[in-house]
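Engineer: Show me the folded form of this:
(chains A and B)
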Amino acid sequence: MQWTLQYEETWLHRLNPAFKLVFFLSLFLTLLFVHNPNVMSNLTFVPFILVLFATGHRRIVIALLLIPFLLLFFSSASSMMFFGQGSTTWWRWGIVHITEESFFRGLHIGFRALNFALLGLLFALTTRPVFLFYSLIQQLKVPPRFAYSFMAAVRILPVMVEEFQQLRAALLIRGVKKKKGLRRVTQSIMLYAVPLLSQSIRRAHRIAVAMEAKQFNNKERTYYYKQTFSKVDIYFVLYIIAGFCLSYWIGYTFPYFEITDVRN
Amino acid sequence: MKRLKLSDILITIVIALVFGIIYKLWGPVYAILKPFGLHVGDVIYGMWFIAGTVAILLLRKPGVALLAETAAASGEFLVGSEYGLSVLLYGIVQGLGTELMFALFGYKRYTAFVAALGGIAAAVGSLVMDAAYGYVMDLALWNLLLLIGARLLGGFLIAGILAYFLVEALEKTGVTTLIRPASDEDYKALDQ
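Structural biologist: Numbering: from 1, shown residues only, chains lettered A, B, ... in the order given. Just a heads-up that it's a prediction; the model follows:
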């Protein structure tokens, strides 16, 4: 969802957004049933290649966005590695108990988290939100009330950012001092969260009234953008299927790890 | 009275998107705390349930908690959450948890107690998703219990109590008169 970033449009941008969403969600569910770490690590490359080469964004942007992913990989993998159950002990130090089983299970979870993250990034980098909401209405029959509310709400966000800056400047001028510890939390709720939320609630209410005054309703309507399916949707599905087949084939023919099922 | 009007939906989604951005910013905070592994960091996980309780406490209509939590998760996803698509499914299940608690009380009670239950139920929802997603059942027992305890406490404190006080503070600004459906007491007040 990049309003300001410069990018070239690629074939991934031309996928039908609603189809992309449903397809990605089904990929997510499919990945939950992959228990072989060899296959899972191979599968990570399927979205990774697209993120690297096919989003049309600048390399530096991609690189910056990928940094938190490393952190994510370690944070997802670590608890299971250190505290998971297993019988073949590798290392024990106090409460930390690394076993062969828990280590590979941790690794597997890390790869899976990475996989989901890459798919999510791929989606976010190649989907224009407005097209997504139009597509949700047109292909998935989401009631326009919900989709248009979403689009209007997205437009309010920049106004809120502006308001936040204004608020901060006003507080600075009046010399409001930051409190310490837990009182800092209550202070920032009272000074920032309450005014920002109440203002945006009022604004949202006004917008809704205005929309209804202009006869916005759920009846038959025409659309400025028409979302359709095209050949690229088929290419994309073929790419994913090929990626899955290849990952399974490599995973079973040239395994890197001995463990083939991380469940107990 | 009970059906969601356009203004209800719009307000819910606006609030939810604000929280969606907080959700996104919360990701790195949580990821930094988590490698310490003892799951104490999971207390702050409760922040990820707060949209549902805040929205339903404000608007007091059925379906709002589910809508808010789902919308917040979509917002988080659209701004490029590092948890990717999984946040969408987590959001739906967590929202369902909160929604269920308010439904149990017939959408009639909007107290701190019900809000706390809603927060805890959302935490349960997230744990259910974790069980499918990350093999949490294969953690050593003491560690698993710590995870569950911290998660529930976080849901209770942040999504329950904190959310309740946030809404109470919002009530003082008068915005709630704009958005809540007229209650029986309001009609009684007219009769006098």
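Engineer: and the residue of the stretch 101-250 of chain A found nearest chain B, which of the three is it?
Structural biologist: In the stretch 101-250 of chain A, the residue that lies nearest chain B is A:G120 (2.3 Å; C-beta to the nearest C-beta). C-beta here means a position set from N, CA and C on the backbone, and glycine is covered the same way. Classification of A:G120 using DSSP: H, G, I helix; E, B strand; the rest coil returns helix.
Engineer: Quick check: closest non-adjacent residue to it.
Structural biologist: B:G84 (2.3 Å; C-beta to C-beta, 6 or more residues apart in numbering or on different chains).
Engineer: and the one you found, how far is that from A:L65?
Structural biologist: 12 Å (C-beta to C-beta, to the nearest Å).
Engineer: Show me whatever sits in contact with both of those two.
Structural biologist: A:L121 (C-beta atoms under 8 Å, 6 or more residues apart in numbering or on different chains).
Engineer: if you count what's nearby, which of the two comes out ahead?
Structural biologist: A count of neighbours by other C-beta atoms under 10 Å in any protein chain shown puts B:G84 above the other of B:G84 and A:L65, at 26 against 18.
Engineer: Regarding that one, what is its secondary structure?
Structural biologist: coil.
Engineer: thinking again about what came up before, contact partners for the residue of the stretch 101-250 of chain A closest to chain B?
Structural biologist: A:F24, B:F77, B:G80, B:S81, B:E82, B:Y83, B:G84, B:L85, B:S86, B:V87.
Engineer: How about A:L125?
Structural biologist: A:L125 touches A:Q2, A:Y7, A:V51, A:T55, A:H57, A:L65, B:G80, counting by C-beta under 8 Å, 6+ apart.
Engineer: hmm, back to that, and the furthest pair within the contacts of A:G120?
Structural biologist: Farthest pair in the contacts of A:G120 (C-beta to C-beta) is A:F24 and B:E82. Separation: 15.4 Å.
Engineer: Of those two, which one has the most company?
Structural biologist: Taking other C-beta under 10 Å, A:F24 and B:E82 do not tie; B:E82 has more neighbours (26 against 20).
Engineer: and the residue of chain B found nearest chain A, what pLDDT?
Structural biologist: Closest to chain A within chain B is B:G84: 2.3 Å, counting by C-beta to the nearest C-beta. pLDDT recorded at B:G84 is 74.
Engineer: can I assume it is in contact with A:S76?
Structural biologist: No - contact between B:G84 and A:S76 fails when scored by C-beta atoms under 8 Å: they sit 11.9 Å apart.
Engineer: three-state assignment of A:T55?
Structural biologist: Criterion first, three-state DSSP; result for A:T55: coil.
Engineer: Pull the contacting residues for it.
Structural biologist: Per C-beta under 8 Å, 6+ apart, neighbours of A:T55: A:Y7, A:T10, A:L12, A:I62, A:L122, A:L125, A:T126.
Engineer: Tell me if the helix or strand harbouring A:F244 is near chain B.
Structural biologist: Element membership for A:F244 (DSSP states H and E) is helix A:231-253. No - using C-beta under 8 Å from any C-beta of the partner chain, helix A:231-253 stays clear of chain B, coming no nearer than 13.9 Å.
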